[in-house]
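Q: could you work out the structure for the sequence below:
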Amino acid sequence: MKNFSSKGIRFSGDSIKSCVGFIDLVDSTKNIATMDGLENIRIYYSKFINSVSSLISSNSDGKVIKNIGDCILFYFPKTSDINDVNSFQKAIECCFKILDERYKINNELSKQHLPPFNYRISMDYGVLDLALVGDYSQTDLFGSTINLCSKINSSSSLSIPNEIIIGDNLYRILKSFPTVAAIVNNYYFTSSGEYKISDTNRYSTYNVRRTNNCVMSITKNNKKNFLTKKQLSLFEKDEKRFLFHKKIDVKRVIIVDDEQDDLFTFRMFLRAYDYNITSFTDSLIALNYIRDLPDFNDLLVVLDIRMKDLNGFQLHQQIKSIDPTIKILFVTALDILDELLSIVPGISKEQIMRKPIDEKIFTNTVNRLLN
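A: Next up is the predicted model:
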């Protein structure tokens, strides 16, 4: 594993979008407390680091960045191309390979009277900031994507030992692929809960499983022959949790308003429509969220104007610099229709609404802009 020298870190200013992952060795602190001698501890940790690192590097185009205690940080550079289905499948298969190899490794550990390995594996997709470390010839990764992936990994309520958990950004990319056998026929995904980023913002996570013993491999007439009782109960309770039966295009609405009451009102207005709705009270967090999206198709951003940090005008400008096709709807308590039309290029009257908002007018406008 890499040993960074004392020359420090130099941030390059470069970044990429890529798939990143963490593998944590569960209960390692408790396990080593039962071991006799430092030699057994060295064998235990080196077996974990070397076996996992070898699988990442040799089977999947993956790269190990570093180990952080009993956790390994890695990423898959080729997934920077979000149209490269093969690279994404290799990234997922890498994690399944690590889980498969665990049984053989645990058998070897048992012969040495050492406790077995159990892993927590989390993966996500987003912007990774690059830095040079040590003698500036080695790469390190930083940024919000890595922080969030790490927190998902360490969350006992989300990350289940010896299963693969992915964040919503990676899930949405996989869902956007056409019906390709490599993805659709090999895996199915279920909701594993939400990570609470803030009081108003929650981040969805998903459990990834192979389909060789799941609903994707069966018919309604013989599904009981293939599912465990627990799986069958989940399936019958909510079939929608088993995803990827077909590609579903979901139109998205992002609402940015620093008033919680207004956010609640807008969401209630849209409750009858099949839109994916995300809301923010912090305009800077909203901007970072939008910047990290893998695509901007069928996306409408509803903006208040008077907000802290970035106001609606500034946020509009930043969003349009990310992708000019993103649709914008201004909502404001200010009577400044003429001023808006004169200072914001490309905005029409129907894209500006004055508070208090009429529900019917609001929903009709949202529907027109998205459809």
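
Q: elements contacting the helix or strand where Leu287 lies?
A: For Leu287, the element it lies in under DSSP states H and E is helix 283-291. Here helix 283-291 touches strand 252-256, strand 276-280, helix 312-322, going by 3 or more C-beta pairs under 8 Å, 6 or more residues apart in numbering; DSSP states H and E. The way it works is simple: take the backbone N, C-alpha and C, and place the C-beta from them, glycine included.

Q: ok, and what's touching the next helix or strand after that helix?
A: Using DSSP H and E, the helix or strand that follows helix 283-291 in sequence is strand 299-304. For strand 299-304, contacts defined as C-beta atoms under 8 Å, 6 or more residues apart in numbering pick out 251-259, 262, 266, 290, 293, 312, 315-316, 319, 326-332, 366, 369-370.

Q: and of the helices and strands packed on helix 283-291, who's closest to Asp81?
A: With respect to Asp81, and counting by C-beta to C-beta, the nearest of those is helix 312-322 at 18.8 Å.

Q: can you give me the mean pLDDT across the helix or strand just after the closest one?
A: Remark: after helix 312-322, the chain's next helix or strand is strand 327-332, criterion DSSP H and E. Across strand 327-332, pLDDT averages out at 90.

Q: buried residues in stretch 256-267?
A: 256-258, 262-263, 265-266 (16 or more other C-beta atoms under 10 Å).

Q: now do stretch 146-156
A: 146, 148-153, 155.

Q: relative to Ile305, which of those is nearest.
A: Of all those, Ile305 sits closest to Leu148, with 29.3 Å by C-beta to C-beta.

Q: look up the closest residue to the residue positioned nearest the centre of the chain, ignoring the ones flanking it.
A: Residue closest to the average C-alpha location in the chain (C-alpha atoms, centre = their mean): Gly167, at 2.7 Å. Among residues not flanking Gly167 along the chain, Asp124 sits closest, at 3.4 Å (C-beta to C-beta, 6 or more residues apart in numbering).

Q: in this structure that neighbour contacts Ile166, no?
A: Yes - with contacts counted by C-beta atoms under 8 Å, Asp124 reaches Ile166, the gap being 6.3 Å.

Q: how about the helices of the chain, start to end?
A: 28-32, 38-59, 85-111, 144-154, 168-176, 181-184, 229-237, 260-269, 283-291, 312-322, 337-343, 359-370 (DSSP state H).

Q: what's the fourth one packed up against?
A: Spelled out, it's helix 144-154. Helix 144-154 is packed against strand 9-25, strand 71-76, strand 119-133, strand 164-167, strand 187-196, strand 202-210, with contacts defined by 3+ C-beta pairs under 8 Å, 6+ apart.

Q: ok, the nearest residue to Val208 once chain neighbours are set aside - contacts?
A: Nearest non-adjacent residue to Val208, counting by C-beta to C-beta, 6+ apart: Ile164, 4.3 Å away. With contacts defined as C-beta under 8 Å, 6+ apart, Ile164 is in contact with 92, 95-96, 99, 121-123, 207-209.

Q: so where's the stretch 51-200 of the chain uncertain?
A: 59-60, 132-139, 177-186 (pLDDT under 70).

Q: returning to that earlier point: ok, so what distance separates the residue nearest to Gly167 from Thr190?
A: Asp124 sits 17 Å away from Thr190, going by C-beta to C-beta, to the nearest Å.

Q: quick one: which of those two has more around it?
A: Between Asp124 and Thr190, counted using other C-beta atoms under 10 Å, the more crowded position is Asp124 (25 against 17).

Q: so what's that one bridging to?
A: Taking DSSP bridges, one obtains Val20 as the residues bridged to Asp124.

Q: contacting residues for it?
A: 19-21, 145, 148-149, 152, 166-167, 169-170.

Q: can you rerun that using 7 Å?
A: 20, 145, 148-149, 166-167, 169-170 (C-beta atoms under 7 Å, 6 or more residues apart in numbering).
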